[in-house]
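>>> only geometry, no sequence info:
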């Protein structure tokens with residue numbers, strides 16, 4: 001053990017005690033009574049006279065000093081809505097202030113608590129003016145325009161851009177997924193040229209593509225294309241339509257195409273012998289097929305409901321909602337492990353398949369939609385969907401009990417996996433996809449309103465507060481997955497050093513990171529696809545807590561994207577290895593970079609009144625859909 005600190009426990013107690021509220025009279029009295037020369041001063045009349053003179057002198061200074069104190073270079077504190085700032089300097093004497101107790105300063109952290117993962121240091125430079133955040137938001141918009149410019153130049157009408165080789169590729173069924181995914185982002189950002197270009201392409205080409213194309217994945221097509229069309233319909237028909245009066249088609253065009261596509265996707269439900277849909281659909285003949293192994297992903301079949309519910313509401317046809325909600329109603333009756341479910345389910349038997357439990361791929365959005373579908377429906381006054389919230393709450397208790405662990409040596413909170421069921425040992429593996437959970441936990445705690453408002457109205461239960469704390473801890477971990485690498489960008493998958501698991505030689509490359517020994521990145525997991533989950537959670541947490549650190553973290557991530565993924569000819573590219581600089585580049589720009597990642601960053605740096613969380617739910621592809629009490633049918 002190191003040598004003892006240069007002060008005793010008694011000194012530490014005094015160090016903390018010195019920040020307590022104490023009156024001026026008590027301070028002077030203690031000094032007079034305990035000073036080393038007190039007897040000399042008090043033993044003569046001259047000493048007594050000097051003491052009285054000092055007391056009257058201090059009183060005179062207190063009564064006559066009315067000059068406001070100026071603190072140079074003091075940054076304005078960012079308020080919750082980031083709009084109101086006032087610095088008040090009151091001249092003159094307020095005699096009530098003379099008797100007011102001095103503000104209590106926080107005690108200093110003991111040396112062993114400084115820098116712990118539960119205490120976040122906020123750099124004063126993050127408390128910056130709103131004008132700087134507006135300029136940073138503009139930089140995100142510029143990045144979106146740059147990404148679109150590459151897509152438009154080399155891949156217009158294809159699903160995705162390959163920015164290095166400068167051509168397009170169809171990996172999502174050939175429905176122009178990037179066009180539809182990017183449209184509502186362009187609307188929110190006010191990028192009128194892109195709104196016009198994307199909208200015109202959809203009006204001219206998408207219906208023909210739907211009629212001609214073959215096999216598509218039910219889940220991917222629903223969240224990207226149906227979700228994108230419905231969000232564009234709502235935004236175009238509502239307040240955003242005033243901004244884009246002449247750009248692109250009328251909102252009814254988006255709705256009609258969404259209905260036509262959804263009618264074909266319904267064959268995945270009608271062709272299944274159970275409530276669980278098949279995973280693939282041939283659009284041109286409206287037939288459906290199971291996956292090669294026979295089972296569907298749990299997350300895929302349970303992540304269709306927001307989109308189909310909203311489509312039923314605005315179209316007036318309940319068939320879409322009925323088909324999709326039967327999935328969750330059926331899952332309610334299936335056996336679970338403390339609310340947690342395996343990542344596969346069979347459409348032929350209606351039962352879960354296998355034992356693997358995780359909140360990463362094939363499991364993630366099941367838990368997300370339990371909460372969000374309930375939020376979508378609760379504002380309608382219909383109480384038939386409370387079972388969804390009950391399932392969500394049970395699942396979050398199961399996550400905390402079975403999956404949440406801490407790394408060593410620095411105690412990062414992470415969510416592991418159960419690869420062989422609840423009776424097996426936990427694996428300290430966490431996909432970047434799991435970083436969605438932080439935002440979901442925060443949203444579930446306050447239901448979209450701010451933490452301050454929820455607490456003032458006594459709306460937060462003990463579980464809500466516990467979930468909100470876990471949300472903040474997980475956001476810290478997800479951010480450190482970026483910080484620990486040489487590029488400042490997170491790997492697709494990370495492992496965490498625990499008492500049971502350790503692997504040498506696989507760190508992130510950033511030797512300055514405090515968590516270099518906590519996070520393990522294996523060679524096959526070092527790629528980055530420019531995923532949105534971490535910035536999504538930072539956006540939600542900033543909206544709910546108002547803590548500016550989430551904006552600062554988001555800006556660091558955006559700057560890393562700019563440094564390492566931007567392609568000069570247009571577009572951005574995913575990376576092969578985030579642990580080396582310069583990183584090896586992959587030749588692909590995923591649709592969700594425009595549809596999700598840049599959208600969440602733009603909203604993070606903007607005004608909180610834009611797409612408010614208590615009136616909208618974002619589908620798992622970041623397409624905002626109004627809660628049922630906020631729907632205006634055209």
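It's in. Only a predicted model underlies this, so the values are computations on that prediction, with no experimental measurement involved.

>>> Can you pull out the low-pLDDT segments for this structure?
1-53, 56-128, 239-242, 244-245, 630-634 (pLDDT under 70).

>>> measure stretch 508-527 end to end?
The first residue of stretch 508-527 is 12 Å away from its last residue (C-alpha to C-alpha, to the nearest Å).

>>> Wait, a helix at residue 255?
Yes. Checked against DSSP: H, G, I helix; E, B strand; the rest coil, residue 255 lies within a helix.

>>> Next, the contact list for it, please.
Counting by C-beta atoms under 8 Å, 6 or more residues apart in numbering, residue 255 makes contact with 229, 230, 233, 314, 315. All C-beta atoms are positioned from the backbone trio N, CA, C, and that covers glycine.

>>> Inside helices: which ones of these?
Cross-referencing the contacts of residue 255 against helices under DSSP state H gives 229, 230, 233, 314, 315.

>>> I'd like these laid out as TSV, including neighbour count.
Shown next, in TSV, are these (neighbours: other C-beta atoms under 10 Å):
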residue	neighbour count
229	28
230	29
233	26
314	21
315	18
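
>>> Please produce CSV containing the residues you listed, extended by distance to residue 170.
Shown next, in CSV, are the ones in helices among the contacts of residue 255 (distance: C-beta to C-beta, whole Å):
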residue, distance to residue 170
229, 18
230, 23
233, 24
314, 29
315, 28
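
>>> and which of those residues is nearest to residue 172?
residue 229 (14.4 Å; C-beta to C-beta).

>>> so the residue most central in space within the chain is in which element?
In the chain, the centroid-proximal residue (C-alpha atoms, centre = their mean) is residue 537; its distance is 0.8 Å. Using DSSP states H and E, residue 537 sits within helix 533-545.

>>> circling back to that earlier point, quick one: contacts for the residue nearest to the centre of the chain?
Residues near residue 537 by C-beta under 8 Å, 6+ apart: 435, 436, 437, 438, 439, 442, 471, 474, 475, 478.

>>> Give me the three-state assignment for the third one.
Secondary structure state of residue 437, per three-state DSSP, is helix.

>>> which residues sit against stretch 563-576?
143, 146-147, 149-154, 161, 163-164, 166, 487-489, 526-530, 561, 581-590, 593.

>>> Quick one: end-to-end length of that stretch, please.
One end of stretch 563-576 to the other measures 15 Å (C-alpha to C-alpha).

>>> Quick check: buried residues in that stretch?
For stretch 563-576, the neighbour count (16 or more other C-beta atoms under 10 Å) marks 564, 565, 566, 567, 570, 571, 572, 573, 574, 575 as buried.

>>> Which two among those are spaced furthest apart?
Pairwise distances across the buried residues of stretch 563-576 (C-beta to C-beta) peak at 17.5 Å, for the pair 570 and 575.

>>> Can you tell me the SS state at the nearest residue to residue 247 once chain neighbours are set aside?
Once flanking residues are discounted, residue 247 sits nearest to residue 196: 4.0 Å by C-beta to C-beta, 6 or more residues apart in numbering. At residue 196, secondary structure determined by three-state DSSP is helix.

>>> thinking again about what came up before, distance to residue 428 added to the contacts of residue 537, as TSV?
As requested, the contacts of residue 537 are arranged in TSV below (distance: C-beta to C-beta, whole Å):
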residue	distance to residue 428
435	16
436	19
437	16
438	18
439	22
442	24
471	20
474	14
475	19
478	15
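
>>> about what we covered before: mind checking which of the contacts of stretch 563-576 are buried?
Applying 16+ other C-beta under 10 Å to the contacts of stretch 563-576 flags 143, 146-147, 150-152, 154, 161, 163, 166, 487-489, 526-530, 561, 583, 585-590, 593 as buried.
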